[in-house]
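1. next input, structure requested:
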Amino acid sequence: MIALICFVLAVLASPFKSKIRLEAENAALRHQVIVLRRKLRGRVRLTNHDRWFFVQLYRWFPSILTVITIVRPETLVRWHRAGFRCYWRWKSRRRGGRPQIEADLRALIRQMSTENLLWGAPRIHGELLKLGFRVAQSTVAKYMVKRRGPPSQGWRTFLRNHAPDIATMDLFVVPTIGFDLLYAFVIVRLDRRELVWISVTTNPTAEWIARQLTEAFPWDEAPHYLIRDRDRIYGSVVTRRLRAMGIRDKPTATGSPWQNGFAERLIGSIRRECLDHVVIWSEAHLRRILKSYAGYYNEIRTHRSLDKDAPVSRSVHRTGIIVSHPMLGGLHHHYGRI
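-> Have a look, this model is predicted:
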C-alpha cells in the first residue's frame, strides 16, 4: 500500500520535473538494473566504471540521491570526495621544475651561513658567483641555516678581536725544600698566549707588583685591559700605576677564578710540566727554572689554541737531519733540523 502511494505521488509530480532531470533519474535507474542483473550471489559488486558513472551523475544532478537504492547516499558522496582528492593529486604532480643542486654546494652554503653570522643571502650568493657557482639567490636563502633573532657574533670571535689588547696576571705559591714559600708572578697576553713576564719574590707587596708592571710593559706596548683577581695585594698603589700607564683594571668577580682562566691555565701548565718534577732549593733556583721554562713556553712549546704553533711563531723546516735538544735539564726536548 505504501509503495502504491509513493508510485502515485511520483506520477503526479512527474509533469512538474524538467526533462533533463527525468532523463538523469531514468539513466540512474537503468544502470542500477544493469548492476543488479550482474549480481550472482551475496553483496552487489560495483566496478570503477560504475562508481565513475554515479559520481558524474551526482556532479551534474545531485537530486539523483533520492532514486539511488543499491548504495547509500553517503557512500556516493564519499566516492565523489575521493575522486576529488585523486584529481587534485594528479593536477599537483611534479612537472620537472628547477634541478636540485649538488650536496657539496648545499653543504658550502650552510658552512658560509654558519661561519659568517652577519652575512645574508645576497652576500653568500655573491661569494658563490665569484667561486663559479651558478645558483639563484632564492636557492641560497632556502639552504641557509635558519637562526632565531638578529645575527650576532659568537664569544670566540669577540675574544679574538679583543685579545691583542688584553693581558692577565696572577700569583701562585711554590714551596722550597726547606718548606719556605716563594711567590711567582706571571703576566700573559691573550692573543698569542705569550708569557711576557715572570718573576719571583719571598715577600710580595703592592709596591713590588707595581714595579713588575712597569718593567713588563714599555710605555708604548702596554695593553688596554688587564685582568686580575681580587687579591688584597693589588692595592691602591697597583691601581694608580695601571691608570698612569693607560691600562684599564678589570678585576674578576668574587670567588670566580674561571674568569681569569688564561692565567690559571698557564699556572697549571707550569706546575704539570715543570715544578711538579723539580725540587726548588732557593729563590734564585726557582727564578732560573722559571726563566728557562718561559723560554721553552714562548719559543718551543706548541699550543692547540694557536693551531699547533708557539707564541713566538716557529718556522717549518722540511729538509735536513733531525736533531734533539734537551730543555729544562732533559725534562723536555726540542726537535729541529740542521
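
2. hmm, Pro122 is touching Ala141, no?
-> No - using C-beta atoms under 8 Å, Pro122 makes no contact with Ala141, being 9.1 Å away. Where C-beta positions appear, they are placed from N, C-alpha and C, glycine not excepted.

3. ok, the one residue sitting closest to the centre of the chain to Leu108 distance?
-> What sits nearest the mean C-alpha location of the chain, by C-alpha atoms, centre = their mean, is Thr114, with 6.7 Å. As defined by C-beta to C-beta, to the nearest Å, Thr114 lies at a distance of 11 Å from Leu108.

4. one more: Ala27?
-> Ala27 is 64 Å from Leu108, by C-beta to C-beta.

5. tell me which of the two has more neighbours.
-> A count of neighbours by other C-beta atoms under 10 Å puts Leu108 above the other of Ala27 and Leu108, at 18 against 14.

6. poorly predicted segments of the stretch 1-150 of the chain, please.
-> The stretch 1-150 of the chain contains residues with pLDDT under 70 at 1-20, 22-23, 29-30, 33-45, 65-73, 76, 95-99, 149-150.

7. list the buried residues of stretch 278-294.
-> For stretch 278-294, the neighbour count (16 or more other C-beta atoms under 10 Å) marks 280, 283, 285-287, 289-290, 292-294 as buried.

8. list of residues touching it?
-> Here stretch 278-294 makes contact (C-beta atoms under 8 Å, 6 or more residues apart in numbering) with 174-177, 182, 184, 195, 198-202, 270, 273-275, 327-328, 331.

9. redo that, cut-off 7 Å
-> 174, 176-177, 182, 184, 195, 198, 200, 202, 270, 274, 328 (C-beta atoms under 7 Å, 6 or more residues apart in numbering).

10. and that stretch, how far from the chain's centre?
-> Relative to its parent chain, stretch 278-294 has a centroid offset of 45 Å by C-alpha atoms, centre = their mean, to the nearest Å.

11. how about stretch 173-181?
-> Distance, stretch centre to chain centre, for stretch 173-181: 48 Å (C-alpha atoms, centre = their mean).

12. can I get that stretch in PDB, CA atoms only?
-> C-alpha atoms of stretch 173-181 as PDB (Å, rounded to 0.1, in the frame of the first residue of the first chain):
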ATOM      1  CA  VAL A 173     102.900  29.800  45.600                       C
ATOM      2  CA  VAL A 174     105.900  27.400  45.300                       C
ATOM      3  CA  PRO A 175     107.300  25.600  48.300                       C
ATOM      4  CA  THR A 176     111.000  25.000  48.700                       C
ATOM      5  CA  ILE A 177     113.000  22.100  50.100                       C
ATOM      6  CA  GLY A 178     113.000  23.800  53.500                       C
ATOM      7  CA  PHE A 179     109.200  24.300  53.400                       C
ATOM      8  CA  ASP A 180     109.600  28.100  52.800                       C
ATOM      9  CA  LEU A 181     107.100  29.700  50.500                       C
END
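
13. return the set of buried residues in it.
-> Of the residues in stretch 173-181, 174, 176 count as buried by neighbour count, 16+ other C-beta under 10 Å.
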